[in-house]
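Enquirer: Generate coordinates for the sequence data below:
(one chain, ligands or ions: 2)
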Amino acid sequence: ELDVELRKVFKVFNGETAVRGIDLKIRRGEFFSILGPSGCGKTTTLRLVAGFESPSAGEVLIQGQPMNHIPPHRRPVNTVFQSYALFNHLTVAENVAFGLRLKKLKGTDVEERVKQALKQVQMETYSNRFPAQLSGGQQQRVALARALVNRPTVLLLDEPLGALDFKLRKEMQVELSNLHQDLGLTFIMVTHDQEEALSLSDRIAVMEAGKIEQVGNPTEIYERPRTPFVANFIGDTNLFKGRLHAADSSTLQIITSSGLEMVVQSPDAKEWASNSKEMVVSVRPEKIRLSLSPPNSTVNCFEGRLKHVMYLGTHVHLVVELLTGDRLTVMLPNNAMNKLPEPHTSVYARWATTDCIA
Ligand code: ADP
Ligand code: MG
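Expert: Ligands and ions are numbered 1, 2, ... in the order given. Here you go, the predicted model:
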């Protein structure tokens, strides 16, 4: 069942297009993330759903109802912003009640709903404190309660954890995930943090320059990025530009501009009929294996030298410079080589034809 739908939505600000024809279908109860670099149009997209912006073209629907002419306060959505924007002169309870009082709700109803919202974020014992007396994480929970008190069916979150330091951020991610499970609401979260999106979301839309590059669950996005941009943005990857040299029913042979021959397993290989088409091969650092002597197979096996070895606790990060001058980033579990080779050692890097994408 669909909860939020965007159909060919555009948003132009003074001649600058921030959102370029976005199609999105977000299901009821889903934790959906919009992920992309700063300035790609994430906040604008969220504001179009909230009703703070109206589309220059296209349509926004919530639960099947056209929303283009419905003002924000009449939409069944509420937004939690990155800057919590709590009122410092009001207590926690008054902050949460603020919106309801504007709506002229009866006093006892307001109290009941504020209590419930604070309970949902485990802040019921803090109702008489002022924001300055709370930690960053607690302030964030109050901001959540302030949105929940309106009983939205869709909760919009714009970089909700962006103002928190690393450790607190990790803790709040767990809380956000629990909250989503407890409430059963649709969450639409905007973030530029790929790890956050991967760990929290049911599905992710990756955005670049006002467009959606790919929508998928975290595994699909990570394992099968559809474009080099997605591969590069979601985790580390090694990218090689090249041209298609040959294709059969299941494999592509690509010659990189530096002259390396790469073989890529691809289920839709025969659709790439046009030879010498420009392509990009992506190989994840953790998919690359290294050996000191030449391996048996020469497929996707390239000779080079170690440039850097960095020990990262559970993993070792290595940079290999191939004979062609290409640089490879390699990530190995720390027990993969019983002894770390010295920099400048000659090594062979290789990967399976199923472990790279084009
Ligand atoms: P993100 O949230 O991904 O960082 P935004 O949606 O905030 O990106 O912005 C996308 C683009 O739209 C940017 O180039 C930004 O400058 C522009 N933009 C956003 N809001 C406005 C506005 N109210 N007026 C003019 N330009 C805007
Ligand atoms: Mg933003």
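Enquirer: Quick one: list the elements packing against the helix or strand hosting residue 215.
Expert: Per DSSP states H and E, residue 215 falls inside strand 211-216. Packing partners of strand 211-216 (3 or more C-beta pairs under 8 Å, 6 or more residues apart in numbering; DSSP states H and E): strand 16-27, strand 203-208, helix 228-233. For glycine as for every other residue, the C-beta is placed from the backbone atoms N, C-alpha and C.
Enquirer: In TSV, list those along with mean pLDDT, mean neighbour count and distance to residue 287.
Expert: Putting those into TSV (pLDDT from 0 to 100; neighbours: other C-beta atoms under 10 Å; distance: least, C-beta to C-beta, whole Å) gives the following:
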stretch	mean pLDDT	mean neighbour count	distance to residue 287
strand 16-27	98	18	31
strand 203-208	97	24	20
helix 228-233	86	21	12
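Enquirer: and the angle from the strand holding residue 215 to strand 203-208?
Expert: Interaxial angle of strand 211-216 relative to strand 203-208 (axes from the mean of the first three to the mean of the last three C-alpha atoms, to 10 degrees): 160 degrees.
Enquirer: Please tell me how far the nearest residue to residue 190 once chain neighbours are set aside sits from residue 145.
Expert: Nearest non-adjacent residue to residue 190, counting by C-beta to C-beta, 6 or more residues apart in numbering: residue 42, 4.2 Å away. To residue 145, residue 42 is 24 Å away according to C-beta to C-beta, to the nearest Å.
Enquirer: Looking at the stretch 51-200 of the chain, which residue is nearest ligand 1?
Expert: The stretch 51-200 of the chain approaches ligand 1 most closely through residue 190 (6.3 Å), counting by C-beta to the nearest ligand atom.
Enquirer: Distance from the chain centre to the helix or strand hosting that residue, please.
Expert: Applying DSSP H and E as the criterion places residue 190 in strand 186-191. For strand 186-191, the separation from the chain centroid amounts to 10 Å (computed by C-alpha atoms, centre = their mean, to the nearest Å).
Enquirer: Can you list the strands that it pairs with?
Expert: strand 31-35 (parallel), strand 154-158 (parallel) (DSSP bridges).
Enquirer: what comes into contact with it?
Expert: 3-4, 26-35, 42-43, 45-46, 49, 153-162, 176, 180, 197, 200-201 (C-beta atoms under 8 Å, 6 or more residues apart in numbering).
Enquirer: I'd like to know which of the residues you listed are buried.
Expert: Neighbour counting with 16 or more other C-beta atoms under 10 Å marks 3-4, 26, 29-35, 42-43, 45-46, 49, 153-162, 176, 180, 197, 200-201 as buried within the contacts of strand 186-191.
Enquirer: among the residues you listed, which are in reach of ligand 1?
Expert: Applying C-beta under 6 Å from any ligand atom to the buried ones among the contacts of strand 186-191, one finds that 42, 43 fall near ligand 1.
Enquirer: residues in the stretch 151-300 of the chain within reach of ligand 1, list them.
Expert: Contact residues (C-beta under 6 Å from any ligand atom) of the stretch 151-300 of the chain with ligand 1: there are none.
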